[in-house]
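Novice: I would like to see how this sequence folds:
(2 chains)
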Amino acid sequence: GPKVLQIPSHQIIDMGQMVTLNCDPVSNHLYFYWYKQILGQQMEFLVNFYNGKVMEKSKLFKDQFSVERPDGSYFTLKIQPTALEDSAVYFCASSPGGSNSDYTFGSGTRLLVI
Amino acid sequence: GQQVQQSPASLVLQEGENAELQCNFSSTATQLQWFYQSPGGSLVSLLSNPSGTKHTGRLTSTTVTKERRSSLHISSSQTTDSGTYLCAIDFNNAGAKLTFGGGTRLTVRP
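Specialist: Numbering: from 1, shown residues only, chains lettered A, B, ... in the order given. Below is the predicted model:
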């Protein structure tokens, strides 16, 4: 079936540096999402994005986080500056929107901040 | 708030046994998806079942909307079924987001 592609699969970065996580959503999907999962813990919603705008963000979506999707490009999550507690797996997802929509998730980017 | 509770938290079976996983949720669901998360962490959608009963392969899901609960039945379990099963709900937000439960960690022994 259609897939969400995430690049890179792994990233190690020094605390304080900037990191950009990239996501290529399913081509005809209109809604995009980022989720965060700390090792061994629950999958947590970060933010959703529709029609070029953030619709909703959780309290985990700190001021250091930003998302965008320039036309024809990746849907990105940028963290600037990174902190140790940002170490987690970040999952991107997309859906067509509307009731009974199926959500398609990527394989995740494993981010380690040292 | 909008919550998703899964039970049991963990389950150990012998190969060939059946598994019954439960998901209870706090308010109306416009979408309910069951996911499998492998020990390596990748996420696979198993099936979507906001209401009624759905089958795919050895999996059967039954969702009783009025009672705000869903079950996932795995028949004739295999060692490769080991991993974490996640229930996720869209709470009447029509595509705004999924809220995940804490998961059931399944171990199938040979």
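Novice: how close does the spatially most central residue of chain A get to residue B:39?
Specialist: Closest to where the C-alpha atoms of chain A average out (CA atoms, centre = their mean) is residue A:34, at 3.1 Å. Counting by CB to CB, to the nearest Å, the separation of residue A:34 from residue B:39 is 23 Å. Yep, even glycine has a C-beta here, placed from its N, CA and C like the rest.
Novice: what do you get for residue A:75?
Specialist: Counting by CB to CB, the gap from residue A:75 to residue B:39 is 27 Å.
Novice: what about those two, which has more around it?
Specialist: Between residue A:75 and residue B:39, counted using other CB atoms under 10 Å in any protein chain shown, the more crowded position is residue A:75 (23 against 10).
Novice: residue contacts, that one?
Specialist: Neighbouring residues of residue A:75 by CB atoms under 8 Å, 6 or more residues apart in numbering or on different chains: A:22, A:23, A:24, A:25, A:32, A:49, A:67, A:68, A:69, A:92, A:94.
Novice: next one: residue B:104
Specialist: When contacts are taken as CB under 8 Å, 6+ apart, residue B:104 is in contact with B:6, B:7, B:8, B:9, B:10, B:11, B:21, B:84, B:85.
Novice: Now with 10 Å, please.
Specialist: Applying CB atoms under 10 Å, 6 or more residues apart in numbering or on different chains to residue B:104 gives the contacts B:6-11, B:19-23, B:72, B:83-87.
Novice: Over to residue B:75?
Specialist: Contacts for residue B:75 (CB under 10 Å, 6+ apart) come out as B:16, B:17, B:18, B:19, B:55, B:57, B:58, B:59, B:60.
Novice: State the pLDDT value of it.
Specialist: Listed pLDDT for residue B:75 reads 98.
Novice: All the strands of the chain, residue numbers only.
Specialist: With no chain named, the answer covers chain A. Listed in chain order, the strands of chain A (DSSP state E) span A:5-7, A:10-13, A:19-24, A:31-37, A:44-50, A:53-57, A:65-68, A:75-79, A:88-95, A:104-105, A:109-113.
Novice: nope, chain B please
Specialist: Under the criterion DSSP E, chain B contains strands at B:4-7, B:10-14, B:19-25, B:31-37, B:43-48, B:52-56, B:59-64, B:69-74, B:83-90, B:99-100, B:104-109.
Novice: hey, which of those strands is tucked in deepest?
Specialist: The highest mean neighbour count among those, using mean count of other CB atoms under 10 Å in any protein chain shown, belongs to strand B:83-90: a mean of 25.
Novice: quick one: strands adjacent to that strand?
Specialist: strand B:31-37 (antiparallel), strand B:99-100 (antiparallel), strand B:104-109 (antiparallel) (DSSP bridges).
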